[in-house]
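Asks: My questions are about this predicted structure, shown below with the sequence.
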Amino acid sequence: MAAAPALPLLLGVLAALLCGSDAAESTYSRLPEALRSGVDLALEKLHSHAGIQHHFVFLRSVSQSDVQPGFNVAYIYHHFYLKATTCPRGTTDTTGCQLRNDRPLIDCAVCYKTLRDQIEPEPRPYVHCVHKTALTQEMKGARVQHCNQLGYNSGAPTLLASMGNERLSLLTHSLMAVTLLLSLACAGALLSSVRTQGPPGQQSGVDLALEQLGSHAGVHHHFRFLKSLAKSDIESGFGVRYLFHHFYLKPTTCAKGTADSSPQNCPFRNDRPLMDCAVCYKTEDDVMATDPRPYVHCIQKPRLTMEMKAARTMHCKKMSYNSGAPTLLAVSS
């Protein structure tokens, strides 16, 4: 009779063993293609080392950031964990490989340029992977410095700022890049409407901005998402994420409140200025949390001032996201 209470625990252990690899594969498959390319590069380099005896798989993201200057080009930074499996390195059929918990995680950081979601050979992609337990502050600093020195998009800001904290520096850059990205944008470019692509929960920030914009009496037209300028997120575990997103909204020919607001029924109009929006907020299981209160700032693009940009930065910096964790944005020097 004493064995009966142990049955649920035994079933739980068996389920973890049977489903561990599938869960990791599911997490990997949910990554955008451009991020999967960086993970694949890290796995390729890791498995090429003679000292690696086991097959590794992607476990989860720690932090990520990308800048999209247009023309299908993106500059990406991704910090993530790889986990060992029960299969030896070089296993062809990895469907039966289960995650093993008696080996340390591999901590990886990559930064690179992509064109149409494919990694470009120039500048040379940067990959640094080490056992999580062996990662030092000096190594973190070296990662930041290396990505800082990469000559991405000649003359453009680097993916990481020269600061001691890796994640803080990464997220600081996202807003610092805005001014340059605006100047690089081609004023006459023909841009089609696209749905935001990125971390889960990012669309909810766009939806919130659209909702608040539509509630203003002075707004008479229906707006739709146009494109992202910069975005960042931190995954702190247990389904919690901290997101920053800077993007454009564009007016359509339809009046505010139009029921059928599809692109076919409501095409973009080019005789009205774009709406420049910045949002930062917390999500739990990809659902926006109400505490801390989400921050939304939208204004017509020609009216956006440096003071407003600084105010955005200051507001997101002061948000006490994930008590004790770095804030999404730091005040630039």
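Replies: It's in.
Asks: Flag every buried residue along stretch 262-272.
Replies: Within stretch 262-272, the residues scored as buried using 16 or more other CB atoms under 10 Å are Cys266, Phe268. For every residue, glycine as well, the C-beta is placed using N, CA and C.
Asks: What's the end-to-end length of it?
Replies: 19 Å (CA to CA, to the nearest Å).
Asks: Which stretches in the stretch 101-250 of the chain count as strands?
Replies: Secondary structure of the stretch 101-250 of the chain, counting by DSSP state E, counting those that start in this stretch: strands at 106-115, 118-119, 126-131, 221-237, 240-255.
Asks: Does Asp66 belong to a helix, a strand or coil?
Replies: With DSSP: H, G, I helix; E, B strand; the rest coil as the basis, Asp66 sits in strand.
Asks: quick one on the thing from earlier: which of the strands of the stretch 101-250 of the chain sits most buried?
Replies: strand 106-115 (a mean of 23; mean count of other CB atoms under 10 Å).
Asks: By mean pLDDT, show me the worst of the strands of the stretch 101-250 of the chain.
Replies: Across those, strand 221-237 has the smallest mean pLDDT, namely a mean of 84.
Asks: any idea of the angle it forms with strand 240-255?
Replies: 170 degrees (axes from the mean of the first three to the mean of the last three CA atoms, to 10 degrees).
Asks: for strand 221-237, the distance to its chain's centre please.
Replies: 10 Å (CA atoms, centre = their mean, to the nearest Å).
Asks: So which other helices or strands are in contact with it?
Replies: Secondary-structure packing of strand 221-237 (3 or more CB pairs under 8 Å, 6 or more residues apart in numbering; DSSP states H and E): strand 54-70, helix 166-176, helix 178-184, helix 202-214, strand 240-255.
Asks: Direction included, what does that strand pair up with?
Replies: Strands adjacent to strand 221-237 in the sheet, as given by DSSP bridges, are strand 54-70 (antiparallel), strand 240-255 (antiparallel).
Asks: The residue lying closest to Cys298 once chain neighbours are set aside: neighbouring residues, count only.
Replies: Using CB to CB, 6 or more residues apart in numbering and skipping residues adjacent in sequence, the residue nearest Cys298 is Cys277, 4.1 Å away. By other CB atoms under 10 Å, 26 other residues sit near Cys277.
Asks: Which of the three states applies to Cys277?
Replies: Here Cys277 is strand, with the state taken from three-state DSSP.
Asks: That one pairs with what?
Replies: Counting by DSSP bridges, the residues bridging with Cys277 are Phe247, Cys298.
Asks: so it touches Val296, yeah?
Replies: Yes. Counting by CB atoms under 8 Å, Cys277 does reach Val296; the two are 7.0 Å apart.
Asks: How is this protein divided into domains?
Replies: 18-160, 183-318 (automatic domain parsing).
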